[in-house]
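**Student:** Prediction below, plus the sequence it came from.
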Amino acid sequence: MSNQTQNTRIEEQIRDAVQRQREYFRTKVTLPVEFRLEQLRKFERLLRAHEDELYEAIFNDFGKSRHHTQLTELFPLFEELGLAIDHLKDWAKPRKVATNLLNQPGKSYIVAEPLGTALVIGAWNFPYNLSLTPVVGSMMAGNTTILKPSELPAETSRVMAKIINENFDPGYLHVVEGAVPETTALLNQRWDKIFFTGSPQVGKIVNEAAAPHLTNVTLELGGKNPAILAEDAPVDVSVKRLIWAKFINSGQLCLAPDYVLVHKSIKERVLERMVYEIEKHDYSVERGNFTRIINERNFDRVVGLIDADKVYYGGESNREDRVIRPTVVHNISVDDPIMQEEIFGPVIAVLEFETLDEAFDIVRKIEKPLAGYLFSHDRETKQRFLAEIPFGSGAINDAVMQITNSNLPFGGVGNSGMGRYHGEYSLECFSHMKPVLEKYFDFELDLKYYGHSDRQMNLIR
Ligand code: NAD
């Protein structure tokens, strides 16, 4: 079959799938909260029943251990599902807000309205969490949903498609597997919501595709996340937290600290302690605390960023196994190739600074990151960090852990994305939060009609 014929066929199948979802949404069956809860409970039961398959698939895709998958994929996903099931009834209720004098007698509230048919496009690095957590949000909101998981972890994509497509009405929830042709065909359709997780480059393609229909878009992208170790940072515990955060999933984590800005006075101790922490973990795929690089393309890209002259520790790699040993590079300057793109691998770049201004200037020269981290006791340093450094989400005296608190929204800013989700924010993300003023008929307060003096108008404003 020629490429063109194949693409036409993909396009037709996808058009039918979206049409089916639109018709399903129009039946209004997804509107009652009870229906949504029933589907969420069913989804949770299915995922629990297939847990072993989920672990096996991701291990086969990139050597991710059961423990690792539990901690970073399924625990957070089940937490989101549990929160949705426990709180949806409350979250979905109209939210009361105060009513101003001009609108008395009356009341005001915000109604969470489903958007319609949603497209969720997932990334490969935490394929379950990043594909299915947004799906939970869309189900909470009462939408119909098509999920396109990343094609790179092929078994993981297949197992999600199997669980969902064998158990849900395709009009309600459906998985379309595939790579660029399928995603392009999906993006050619009209959607009511597109939720995309991936790189800023593809994020721009998604945004362009959404523009003709003014589709509501959430972009969960990446960037170069700074970690700043101020002069007063307690070295041992800061580095312990930093190293753990950096090497989860072998650094293939959108929130991982990408580069570390260390005050000159503590730099040597920080470097030594980094080595101590890395060796203490004894990272390896076999021990279950390290993963392979997802594919050869990414392996070559990350290895290409390691300047042999600047390696402080590590630097070894094995292309056949797609493993790069934890690596620390130092004496890095902002102009080095490693500072020109998101590393997204097990390499940490260390830069030194003398004044906070210097450190903050470096961070501000780079596109707004998905996350920002500061290690310091000092109140003024913390205030300046929050006021002067833009980032999607962040932590002070820790890294990555902000994502585990579902009371905090998660999302980027500028080049690292737009929109936010998790917990109650996921419901908002997939809904239109419809503001409503409801007037009573009891009596008419004539304030809005003509004939008032300036003084009276000032009183009611
Ligand atoms: P990617 O942008 O290459 O792929 C993401 C998705 O887009 C995949 O489903 C893929 O099939 C699709 N895609 C790829 N090229 C496309 C094209 N030309 N047209 C249409 N669709 C296309 O990203 P990735 O490699 O899967 O993930 C790595 C990036 O994602 C990093 O930048 C990372 O920081 C970011 N990320 C962000 C988050 C977050 O929550 N903010 C989470 C994980 C990863």
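**Tutor:** Perfect, I can see it now.
**Student:** where does the residue of the stretch 101-250 of the chain found nearest the ligand land in three-state SS?
**Tutor:** Residue of the stretch 101-250 of the chain nearest the ligand, by Cβ to the nearest ligand atom: G222 (1.9 Å). (C-beta placed from N, C-alpha, C; glycine too.) Counting by DSSP: H, G, I helix; E, B strand; the rest coil, the backbone at G222 sits in coil.
**Student:** how about it, what does it touch?
**Tutor:** S199, P200, C254, E342, F344, L370, G412, S416 (Cβ atoms under 8 Å, 6 or more residues apart in numbering).
**Student:** Give the other helices and strands that the longest helix anywhere in the chain contacts.
**Tutor:** Ranked by number of residues, the top helix in the chain under DSSP state H is helix 3-26. Counting contacts by 3 or more Cβ pairs under 8 Å, 6 or more residues apart in numbering; DSSP states H and E, helix 3-26 packs against strand 117-121, strand 144-148, helix 180-187.
**Student:** Would you verify that I294 is located in a helix?
**Tutor:** No: I294: not assigned to a helix; according to three-state DSSP it is coil.
**Student:** Count residues in the vicinity of it, would you?
**Tutor:** 22 (other Cβ atoms under 10 Å).
**Student:** same check, this time on D361
**Tutor:** Per other Cβ under 10 Å, the neighbour tally for D361 reads 13.
**Student:** mind checking which helix or strand it is in?
**Tutor:** Taking DSSP states H and E as the definition, D361 sits inside helix 356-365.
**Student:** Give me the next element, helix or strand, following that helix.
**Tutor:** Tracing the chain past helix 356-365, the next element assigned as helix or strand by DSSP H and E is strand 371-375.
**Student:** and the residue of the stretch 251-400 of the chain found nearest the ligand, what does it touch?
**Tutor:** With Cβ to the nearest ligand atom, the shortest gap between the stretch 251-400 of the chain and the ligand falls at C254, namely 3.4 Å. By Cβ under 8 Å, 6+ apart, the contact list for C254 reads A123, N125, E220, L221, G222, L370, A371.
**Student:** what's the closest non-adjacent residue to N103?
**Tutor:** Computed as Cβ to Cβ, 6 or more residues apart in numbering, the closest residue to N103 that is not its neighbour in sequence is L437, at 5.7 Å.
**Student:** Now do the helix or strand hosting the one you found, average pLDDT.
**Tutor:** Assigned by DSSP H and E, L437 belongs to strand 431-439. On average, the pLDDT along strand 431-439 is 98.
**Student:** Give me the buried stretch members for it, please.
**Tutor:** S431, H432 (16 or more other Cβ atoms under 10 Å).
**Student:** likewise stretch 401-416?
**Tutor:** Q402, I403, S406, P409, F410, G411, G412, V413, G414, N415, S416.
**Student:** which residues does the first one contact?
**Tutor:** Spelled out, that is Q402. Contacts of Q402 by Cβ under 8 Å, 6+ apart are L255, A371, S393, G394, A395, L408, F410.
**Student:** which residues does the closest residue to P257 other than its chain neighbours contact?
**Tutor:** Counting by Cβ to Cβ, 6+ apart, P257 lies nearest to A227, which is 3.9 Å off, once chain neighbours are set aside. Residues counted as contacts of A227 (Cβ under 8 Å, 6+ apart) are L242, P257, Y259, V260, L261, Y373, L374, F375, A399.
**Student:** The closest residue to D192 other than its chain neighbours: how many residues sit nearby?
**Tutor:** Residue nearest to D192 in three dimensions, not counting chain neighbours: G116, with 3.2 Å by Cβ to Cβ, 6+ apart. By other Cβ under 10 Å, 22 other residues sit near G116.
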